[in-house]
Structures are given as structure tokens and as C-alpha cells.
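S.K.: Please find the sequence and the predicted model below.
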Amino acid sequence: MSSYNSGFEVEPQTSYILGVAFKGNYDFLFLRAGVDIAFPLIEGDVIENYDATDPVEKYSISYTGLPLFVGVNFPVFDIGEFYLGGGIAYFLATGTVTHGGTEDDISASALGFGFIAGMQLRLTASTRLYMEWEYIDARSGASMNTAAAPETWDNFYIDFSGHRILLGIMYYAL
Amino acid sequence: MPCKKTTIPGALLLAILAAAGPLRAATSLSVGMQAGFMPALGGNLHSSTHESIGVYNGIDGINKSLDGYDTSTVDRLLGAGGGIEIRATFRDYFFARLAGNFTMAAWGGAGTTIYDTPAVGFTPELLECSYSMYVIDVPLTAGLAVPFWKDVRIAFSVGAAFAYGNYKNSFRPESGGDLKGKFRGYGFPLVLLVEGDYFLSEKLSITASLAYYKGSTDIRKDRYRTDGDTDFARIDFTGYRFGMGASWHFYSR
């Protein structure tokens, strides 16, 4: 939300993510998909608002993300691999926004683009520990009204853009 | 202004000569091609005309919707492009790269929103918006490369690019008129780059790269003279770029 209004001093929301990942390797190429569900760990807070026409106070957003990346694997002997790819992600969000003393529900969706950089360490013949860095740029359209009267249009959007760090165990079926 | 026209090719020539001199000491040389994309090309594309219609964060704040008005979301620009690269390694672990890239808007940047004409109360009016941009850049970076036998090489490098940008916007209210902005300029953004090579053979590798650019032009004046509106904007080169391609390693010793 730091991009939303230059008249806001914002403590942005921090989320934790739970999900499942699917990765297929074909020679040097990989395909990485997944389902990520994000929940607020620290809710977003507008600490100072210098824009009286848009009295947003705080917000709390949960979302489901469906990323799909394609890229190149860089195997390192039999220790594991690095990989680097680009792709798309679709987001579906719900949450609440408090503005002018009232709390309203919001829902929004967005399509985004980004990249993934990861590494895997071989634990056993079929399991690997992995750590990934994802960056996805995605922003919804105007989804609810927070502007002060007389403006009744929807102006508030959800910006999903940001960095995501994922840690997990991957089981290779094949 | 004539000074600037001669400075650009002069700086390019100097950069090429500076890179070409030490090539005699290189232990390997390669030439490659890449294609890729850049999310949020041009950042929020803000300009002063946005402020005259009550928008203070460019393409991000342009979207408004209201029942009874046929609006569509204006998405951030997705840039797509490609380029060529020349890379040299020295003593196996030291790395330099000179590239040339072209990136243009391939998706997003068009739609219909509403804006207010407050002089007569809250009277929203449809506004057709259009944004487009292209960038030509020449990054020169140097850093470290880590080879994993002859199978894989991963390199991390930093440097700067000469980047030329051309940005256009257009706002067309339902009641008539067309506010256009056209900007061009150049800058020298900072470049961070990580690039991997997967060697299919001794001479041929598949590459993937991730670059981060940080920088913009100074404030540029709108070059449209006939629309009755003078706009001002920066051309922002900041953002991530992902690319994939192949490299031919034509020299090694």
C-alpha cells in the first residue's frame, strides 16, 4: 500500500504464506506451479494520513496466489541445484479496510508477472530442502470506495507486488 | 543541446573501447542472445497532467469505477524485449559483460476510467487512457563467476547502463479533447545482475538472467505542442528484468 497514496505514512502489512509447490524438471528446463495462501501476520496501518479526502486507517488482506514459472535449472553435482525462472501469477484477495471510522469488506483479483530464484539441497534420493525468492508485480483495479464524499466511486485497490521468501521440502515422485 | 548529441555516441565509444582493451587478457569469450520481460515497465508513469485530473500516483491511481459507467482497468505496463550480450571471463572467476537490449510495452497500459470535474460538483466523466513506452539500454557490468566443473556457471555482477527511454501517454475525456504527453531522454541506471549458464556442450550454453535496474532520467518536458497541455515526467528505468537465451563460447584458453 505504500504506492497507493503519497500522502500516507504506512506500516505495510506483512503476511505469512502456507502452500504447496509443484516442480517438474525436463533436462535444463523446469516448470514450477503452486498454490499459496497468505494470511496477515502484521496488519497494515496508516500511521499518518495527510490526505483528508481519503481517510484510510488500516487494512487486513488475505489472498490466494496461483503462480506459474518457467526457467532454467543449474544442477550442482549431486548436491542439489540452483534455478531461475520467470512467469505469471493470479491472485484472489479478501479482507477488510477501515476508513473514516467504518470497516468495510473488500475483494479483488489481479494478474501479475515476476520471477523466481531458488536452490534445492538433496536430502535423500527423492526429497530435497528448498528455499525460494519470488518477486511478483500485480495490482488490482479499483475495488472499493474510501474517498470522502461527495466522491462515491471505487478508488481503493490492492497491490500484491512484493518479495516472497519460501522454505519447504519437496518430494520428487519421478 | 548539441553537446548532448555528441556526448551519447562519445560515451558509447568510450565504453566499448574500455571493454575491448582488456579482452586480450580474457580466458574465455562468449556472445549470446536473450529474450525476456520486465514487470511494471516505467514504474508508475506519473506525470504532471495526472495531477490536473486528481491523480497523484500515475497509472496506479488512475483507476476509478462507478455503477453506470463502463470502465475497464488500466494495468501497469509489462515490457517484453530481447538483446545481445558479449561476456568475458578472466582467470576463470572474474567476469565482465556488455549487452544491448530493447524493451517495449507488450501488455497493459490501456483502459477507461472516470475523473471528476469539481467546478460543477461531483460530475464524473469517462476518460480513455493510454500509456506506451520503449527502452533501449546498454549495460556494462563486472563481477565474479563461479564455475561448477564444465556443466554450470553462475555469475554475479554490478555496473551501470546507458538507457534511452521513450514514453507516451494520452487522456481522452468523453466530452472531447485529447491530452497527450510524449517524453524522451536518457539516464545511467545502476545495474545488478545474476546470470547462469547451463552448458549443453563446450561451446554452447543456455542462459537465464535476472537484472535489477535503479535509475531514471531527469524531469522531461512534453514534446507535444498542439494539444494545449504541457506535461512533465521522469522516465523511470527502475525494475526487475528476467531473460532466457543461449550463448556461443567462441574463444577459450
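M.R.: That came in fine, so what should we check first? Residues are numbered from 1 along each chain as shown, chains lettered A, B, ... in the order given.

S.K.: And the pLDDT for the closest residue to B:Lys214 other than its chain neighbours?
M.R.: Sequence neighbours aside, B:Leu190 is the residue nearest to B:Lys214 in space, at 4.6 Å (criterion: C-beta to C-beta, 6 or more residues apart in numbering or on different chains). C-beta here means a position set from N, CA and C on the backbone, and glycine is covered the same way. Looking at B:Leu190, its pLDDT stands at 98.

S.K.: Pull the contacting residues for B:Leu190.
M.R.: B:Val158, B:Gly159, B:Ala160, B:Tyr213, B:Lys214, B:Gly215 (C-beta atoms under 8 Å, 6 or more residues apart in numbering or on different chains).

S.K.: hang on, the last one packs against B:Phe188?
M.R.: Yes - with contacts defined as C-beta atoms under 8 Å, B:Gly215 counts as touching B:Phe188 at a distance of 6.3 Å.

S.K.: related to what we said a few turns ago, please report how far the residue nearest to B:Lys214 lies from B:Glu174.
M.R.: 43 Å (C-beta to C-beta, to the nearest Å).

S.K.: now B:Glu85
M.R.: 47 Å.

S.K.: try A:Ala38
M.R.: 39 Å.

S.K.: which one of the two has more residues nearby?
M.R.: A:Ala38 (21 against 13; other C-beta atoms under 10 Å in any protein chain shown).

S.K.: For B:Ala119, name its beta-bridge partners.
M.R.: With DSSP bridges as the criterion, B:Ala119 is bridged to B:Gly121.

S.K.: And it, what's its pLDDT?
M.R.: Value for B:Ala119, per-residue pLDDT: 70.

S.K.: One more: B:Thr123?
M.R.: 87.

S.K.: and it, what does it touch?
M.R.: B:Asp116, B:Thr117.

S.K.: does it belong to a helix or a strand, and which?
M.R.: Using DSSP states H and E, no element contains B:Thr123; it sits outside every helix and strand.

S.K.: how far away is B:Ala161 from A:Lys58?
M.R.: In this view, B:Ala161 and A:Lys58 are 40 Å apart by C-beta to C-beta.

S.K.: Comparing the two, which residue is more hemmed in?
M.R.: More crowded of B:Ala161 and A:Lys58, by other C-beta under 10 Å: B:Ala161, with 27 against 17.

S.K.: ok, now which ones touch the closest residue to that one other than its chain neighbours?
M.R.: Closest residue to B:Ala161 apart from its sequence neighbours, by C-beta to C-beta, 6+ apart: B:Pro139 at 3.7 Å. Residues counted as contacts of B:Pro139 (C-beta under 8 Å, 6+ apart) are B:Arg97, B:Leu98, B:Ala99, B:Asn101, B:Gly159, B:Ala160, B:Ala161, B:Val191, B:Leu193, B:Ala211, B:Tyr213.

S.K.: State the pLDDT value of the residue of chain A lying at maximal distance from its centre.
M.R.: The centre of chain A is farthest from one residue, A:Pro150, which by C-alpha atoms, centre = their mean lies 33.3 Å away. Listed pLDDT for A:Pro150 reads 83.

S.K.: do A:Gly44 as well
M.R.: With respect to pLDDT, A:Gly44 scores 93.

S.K.: in the sheet, who's paired with it?
M.R.: Here A:Gly44, judged by DSSP bridges, has bridge partners A:Tyr59.

S.K.: For the closest residue to A:His99 other than its chain neighbours, list the residues it contacts.
M.R.: Excluding the flanking residues, the one nearest A:His99 by C-beta to C-beta, 6+ apart is A:Thr146, at 4.3 Å. Contacts for A:Thr146 (C-beta under 8 Å, 6+ apart) come out as A:Asp54, A:Pro55, A:Val56, A:Val97, A:His99, A:Gly100, A:Asn155, A:Phe156.

S.K.: same thing with B:Asp178?
M.R.: Residues counted as contacts of B:Asp178 (C-beta under 8 Å, 6+ apart) are B:Ser170, B:Phe171, B:Arg172, B:Asp227.

S.K.: Do a quick rundown of the strands in the chain.
M.R.: Using chain A. A:8-11, A:14-26, A:29-42, A:44-49, A:56-76, A:80-99, A:102-122, A:127-137, A:162-171 (DSSP state E).

S.K.: meant chain B actually
M.R.: B:28-39, B:78-90, B:94-107, B:110-115, B:125-148, B:152-173, B:179-187, B:190-199, B:204-214, B:220-221, B:232-233, B:239-252.

S.K.: Now the last one: buried residues?
M.R.: Within strand B:239-252, the residues that qualify as buried are B:Gly239, B:Tyr240, B:Arg241, B:Phe242, B:Gly243, B:Met244, B:Gly245, B:Ser247, B:His249, counting by 16 or more other C-beta atoms under 10 Å in any protein chain shown.

S.K.: ok, so of the residues you listed, who is nearest A:Gly87?
M.R.: For the buried residues of strand B:239-252, the closest approach to A:Gly87 (C-beta to C-beta) belongs to B:Phe242, at 8.7 Å.

S.K.: Against A:Leu92, how distant is the residue nearest to B:Thr89 when sequence neighbours are not counted?
M.R.: Counting by C-beta to C-beta, 6+ apart, B:Thr89 lies nearest to B:Ser28, which is 4.8 Å off, once chain neighbours are set aside. Going from B:Ser28 to A:Leu92 by C-beta to C-beta gives 48 Å.
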